[in-house]
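>>> my questions concern the predicted model and sequence given below.
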Amino acid sequence: MWPTPSRRWWRSFPEQERKYHEERPAMKFSIIYEAQMVDTSRANEQAVFHQIVEQSRFAEEMGFDCIWCVEHTALTQYAHMSAPETVLAFIAGATSRIHVGHGVVCLPPAMNHPVKVAERIATLDILSKGRLHFGVGKGGTQQEAGTFGYDLNELGPMIDESMYLIPKIMVQDEIEHHGQYITIPKRPIHPKPYQDPHPPMYMACTREATLLAAGGRGIGALVLGFSGPDEIAKKNAVYREAFRTRKAEDQVGFRPTEHLAALCAATVLDDREKARKIGLRGQRFFAESIAYWYQGGPKPTVDDDLSAEDHAAVLEQGKKATIAYLSEEAIPVGDEHLSNYTIAQDAYGTPDDCIRYVQRLKDAGADEILFMFQMGGIPHDVIMETIRNIGEKVIPHFRGEA
């Protein structure tokens, strides 16, 4: 039987975790990484990972709250972040305050068996002294699912089974499970997490069905598309209502977490035109690389000679091409398909531009901003300057320090 969630879990949190929720400002500022790259040579691949660590350490100095890492396999250029547990452990060891988050762990059992997930989550939570956040999902492409022998369209039920099982493993002295997809003989699983009962849990949410599931299961929502503030407001309304009306028997884990985090691509420089050119070029690469793996589009390109307006026009063309593709396949067109092409009122520009956009996301209901800086072709020095500008000018504005 699953314990009925109650406020006693809140009172039992370790002191550090309680302070994170009660003393930090309501709005959180974080960074999410895909390890996306144009140049896939060994030398550049290695450089990107070391840059991520350097950027994360600097983000801690600049007052950011959390570093999130995705998990993808076999998606060349789009995401080389295939072992987030290793990257997050390294970052946690290189920092002292900033939190780390899985955004998200993919749960097909052959890819990440629930026992191993529970063990890794608990171990990193101990070593980081309660700085870990834990998101779950299934991955987004047949390319990934097929790597482990699965059909993407058949993953839903086994993901659900793992999602409910993992927190149970983390709180029970022994686990025995005989499910439809997973069988575990009676075993003691160690260690148990630093946070009591376990780290806060989240789901990756790109469409209404996943928002309803996250809210209905009492866990946080990571909205991982480039949706603008108007779409975030719609998604927020769906999620909050699902969370408010959830049933106790549907709760995932033993720690209800009402939290909506919204992706925000950003390049923030003193030179607005330079920021827009670089940012839109990066978003174009992101959109084209995901279209390559998700829709069979052409390989992404990087053109440094185009202006910001030119890149915006190419993104608009990509949006139209996606609509045409979906129409031919008789697939309903939704924001989850088109959000990568959203460019209106974006956070590419000066710190003041970023403040205005973040304010709109906050007004739309976001509890956390998931800044995405590291898109294909955006240089390390530009990302570092962006982190500095947000740390010195944007975050203080929202914390009343400006």
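Yes, it's here. Numbering: from 1, shown residues only.

>>> going forward, measure contacts and count neighbours with C-alpha atoms only.
Will do.

>>> neighbours of the closest residue in space to D346 that isn't next to it in sequence, how many?
In this structure, D346 finds its nearest non-sequential neighbour in Y357, 6.3 Å apart by Cα to Cα, 6 or more residues apart in numbering. By other Cα atoms under 10 Å, 21 other residues sit near Y357.

>>> so where do the strands sit in this protein?
Per DSSP state E, the chain carries strands over the ranges 28-33, 66-69, 99-106, 132-137, 175-178, 183-187, 201-205, 220-223, 260-268, 347-349, 368-372.

>>> give the other helices and strands that the second one contacts.
By that I understand strand 66-69. strand 28-33, helix 84-94, strand 99-106 (3 or more Cα pairs under 8 Å, 6 or more residues apart in numbering; DSSP states H and E).

>>> which of those sits most buried?
Among the helices and strands packed on strand 66-69, strand 99-106 has the highest mean neighbour count (mean count of other Cα atoms under 10 Å), at a mean of 25.

>>> so where's the stretch 251-400 of the chain shaky on pLDDT?
Along the stretch 251-400 of the chain, the parts satisfying pLDDT under 70 run over 310-312, 314-345.

>>> which residue ranges of it form helices?
Assigned by DSSP state H, counting those that start in this stretch, the stretch 251-400 of the chain shows helices spanning 272-295, 308-328, 335-338, 351-363, 380-389, 395-398.

>>> I'd like those helices as JSON lines, with distance to K129 appended.
Converted to JSON lines, the helices of the stretch 251-400 of the chain look like this (distance: least, Cα to Cα, whole Å):
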{"stretch": "helix 272-295", "distance to K129": "34"}
{"stretch": "helix 308-328", "distance to K129": "43"}
{"stretch": "helix 335-338", "distance to K129": "35"}
{"stretch": "helix 351-363", "distance to K129": "29"}
{"stretch": "helix 380-389", "distance to K129": "25"}
{"stretch": "helix 395-398", "distance to K129": "25"}
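
>>> looking at those, which is closest to K28?
K28 lies closest, by Cα to Cα, to one member of these: helix 395-398, at 9.0 Å.

>>> can you list the residues that contact the closest one?
For helix 395-398, contacts defined as Cα atoms under 8 Å, 6 or more residues apart in numbering pick out M27, F29, G63, F64, I355, A402.

>>> residues of it that come out buried?
I395, F398 (16 or more other Cα atoms under 10 Å).

>>> check contacts around the closest residue to A308 other than its chain neighbours.
Among residues not flanking A308 along the chain, K277 sits closest, at 4.1 Å (Cα to Cα, 6+ apart). Going by Cα under 8 Å, 6+ apart, K277 touches L306, S307, A308, E309, H311.

>>> wait, isn't D151 in contact with Q142?
Yes - D151 sits in contact with Q142 when judged by Cα atoms under 8 Å, with a separation of 6.6 Å.

>>> got any residues that touch both of these two?
Here D151 and Q142 have no joint contacts, going by Cα under 8 Å, 6+ apart.

>>> measure the residue nearest the centre of the chain to P185 for me?
Compute the mean C-alpha point of the chain, and by Cα atoms, centre = their mean the closest residue is G103, 3.7 Å away. In this view, G103 and P185 are 29 Å apart by Cα to Cα, to the nearest Å.

>>> repeat that for L263.
The value you get for L263 to P185, if Cα to Cα is used, is 40 Å.

>>> so for those two, which residue has more residues nearby?
Set L263 next to P185 and count neighbours by other Cα under 10 Å: L263 wins out with 23 against 10.

>>> now the more buried one: how far from V117?
Look at L263 and V117: by Cα to Cα, they are 25 Å apart.

>>> out of the contacts of K277, who's the most crowded?
Busiest of the contacts of K277 [other Cα under 10 Å] is H311, holding 25 neighbours.

>>> on that earlier part again, how about the strands of the chain in a markdown table, adding distance to T86?
Formatted as a markdown table, the strands of the chain follow (distance: least, Cα to Cα, whole Å):
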| stretch | distance to T86 |
| --- | --- |
| strand 28-33 | 13 |
| strand 66-69 | 10 |
| strand 99-106 | 11 |
| strand 132-137 | 13 |
| strand 175-178 | 26 |
| strand 183-187 | 25 |
| strand 201-205 | 19 |
| strand 220-223 | 21 |
| strand 260-268 | 23 |
| strand 347-349 | 30 |
| strand 368-372 | 20 |
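
>>> tell me which of those strands sits nearest to A92.
Of all the strands of the chain, it is strand 99-106 that lies closest to A92, at 6.8 Å by Cα to Cα.

>>> pull up the pairing partners for the closest one, direction included.
According to DSSP bridges, strand 99-106 forms sheet pairs with strand 66-69 (parallel), strand 132-137 (parallel).

>>> what angle separates the longest one from helix 84-94?
On the basis of axes from the mean of the first three to the mean of the last three Cα atoms, to 10 degrees, strand 132-137 is oriented at 170 degrees to helix 84-94.

>>> list the buried residues of strand 132-137.
Within strand 132-137, the residues that qualify as buried by neighbour count (16+ other Cα under 10 Å) are L132, H133, F134, G135, V136, G137.

>>> surely the first one and G101 touch.
Yes - using Cα under 8 Å, L132 makes contact with G101 at a distance of 5.6 Å.

>>> from start to finish, how long is stretch 221-228 in a straight line?
OK, stretch 221-228 end separation, Cα to Cα: 16 Å.

>>> what sits against the residue nearest to H259 when sequence neighbours are not counted?
Spatially, and ignoring its direct neighbours in sequence, H259 is nearest to G220 (4.6 Å; Cα to Cα, 6+ apart). Residues near G220 by Cα under 8 Å, 6+ apart: P200, M201, Y202, M203, A214, T257, E258, H259, L260, A261.

>>> can you give me how far stretch 163-179 is from the chain middle?
The chain centroid and the centroid of stretch 163-179 are separated by 25 Å under Cα atoms, centre = their mean, to the nearest Å.

>>> neighbours of Y202, how many?
Counted with other Cα under 10 Å, the neighbours of Y202 add up to 30.

>>> look up how far V104 lies from it.
8 Å.

>>> joint contacts of those two?
Residues touching both Y202 and V104 by Cα under 8 Å, 6+ apart: F134, G135, V136.

>>> give me the contacts around stretch 148-160.
Stretch 148-160 has contacts (Cα under 8 Å, 6+ apart) with 107-111, 137-138, 140-142, 145-146, 180-182.
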